[in-house]
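Q: take this sequence and fold it.
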Amino acid sequence: MDFSNYVKLRGSLEKNMCDASSLTGLTFAILNSRMSRESIFHEYEVYLPVPNSKNEVELLEATRKELVDRFGGLTVTNFSSEGEWRIGPAKVRDQIQIWRILSEQKDDGDNYFRLLKKRLEESLHQQKILITRRVVSEIL
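A: Prediction:
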């Protein structure tokens with residue numbers, strides 16, 4: 001492969017616009033090396049109501065410990081957001097906090113957070129607890 005073709009192929013690899021069937025040994029090694037250096041994570045955000053009772057405080061502290069033990073840590077936003085919803089003729093206000101957790105395992109994380117969502121909705125008497133996931137990568 002001449003140098004100009006190598007540069008073109010490498011550029012397309014970096015933009016993820018090349019399929020695996022067109023990779024030579026050298027370009028596959030370059031791509032594999034680049035991908036192994038990049039850290040891909042799944043960031044979960046759990047939107048929780050600010051606790052209103054001692055029982056809720058204890059439940060959330062136990063949940064927080066469980067998340068730290070399972071995923072190695074979590075980040076809680078330093079502010080409370082206030083939400084407002086209309087349910088029929090009534091307006092409902094709720095203060096929330098957001099917990100952020102990183103996981104390297106999408107399937108394991110998704111399964112865990114599905115069960116956690118159901119458990120928190122029941123325990124906190126919430127119609128719905130919002131949990132989101134997005135893929136994030138570390139800038140190297």
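
Q: and residue 102, which of the three is it?
A: Of the three states, residue 102 takes strand according to DSSP: H, G, I helix; E, B strand; the rest coil.

Q: what's near enough to touch it?
A: Contacts were defined as CB atoms under 8 Å, 6 or more residues apart in numbering; by that measure residue 102 touches 41, 42, 43, 44, 71, 72, 73, 136. Heads up, the C-betas are built off the backbone N, CA and C, glycines and all.

Q: in the host helix or strand of the third one, which residues are buried?
A: It refers to residue 43. When elements are assigned from DSSP states H and E, residue 43 belongs to strand 40-49. Taking 16 or more other CB atoms under 10 Å as the neighbour-count basis, strand 40-49 is seen to contain the buried residues 41, 42, 44, 46, 47, 48, 49.

Q: check stretch 117-127 too.
A: The neighbour-count criterion (16+ other CB under 10 Å) identifies 117, 120, 124 as the buried residues of stretch 117-127.

Q: all strands in this structure, in order from the N-terminus.
A: 40-49, 75-76, 81-87, 90-103, 130-137 (DSSP state E).
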